[in-house]
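Visitor: Output the structure for:
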Amino acid sequence: MELIERETFYICGYVVETDAIQNDNDISNLYSNFFSERKNVVLQSLPGSKKGYYGLSWYSQGHEKYCYLLGIEFSEKVNPPQGAVTKTLEKALFAKASYPKDKNIIEAWNEFYYRDIPSTGYAPNEPYNLYFEYYPDDVHGDF
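Guide: Numbers count the residues shown, from 1 in each chain. From the prediction side, this is the model:
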């Protein structure tokens, strides 16, 4: 794991609000619809789109619910297509780790947050309230 500083960047994509009970089903449906309805193609056709996919999450309603956005990075803030939203990630220091492609999203997430970050002595910046994963080539949403 390494720490990297990123300048402000933007993620545009589609969101689902979910909770611990429904998250597997809700996020799996989000991934499925993202590709079957070709929302990825719509986003990639917008000016300034970059390669890869982001899963961005933030808490809503305290820690009872959270939002999960599946989208693409843009070099500048874009006007989102109908049904999409754009989130701004301000300049910050981020932790970066890589996992084998055969590791599912939930396993990688748990390993990163509950093993890798604590092993460095750091902790997630709770007030920032934006957490993301990045898939440079493809993402399958295997839950």
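
Visitor: Just give me the neighbour total for Ser98.
Guide: 11 (other C-beta atoms under 10 Å). In this view, the C-beta of every residue, glycine as well, is placed from N, C-alpha and C.

Visitor: Tell me the pLDDT of it.
Guide: For Ser98, the pLDDT comes out at 82.

Visitor: Check the one 4 residues further on too.
Guide: Looking at Asp102, its pLDDT stands at 79.

Visitor: How about Phe143?
Guide: 41.

Visitor: Run a quick neighbour tally on Arg38.
Guide: With other C-beta under 10 Å as criterion, Arg38 counts 11.

Visitor: any idea how far Glu90 is from the residue of the chain positioned farthest from its centre?
Guide: When each C-alpha in the chain is compared with the mean C-alpha position (C-alpha atoms, centre = their mean), Gly121 comes out farthest, at 23.3 Å. Going from Gly121 to Glu90 by C-beta to C-beta, to the nearest Å gives 24 Å.

Visitor: Equivalent analysis for Asn40, please.
Guide: Separation of Asn40 from Glu90 (C-beta to C-beta): 25 Å.

Visitor: Tyr131 now?
Guide: 14 Å.
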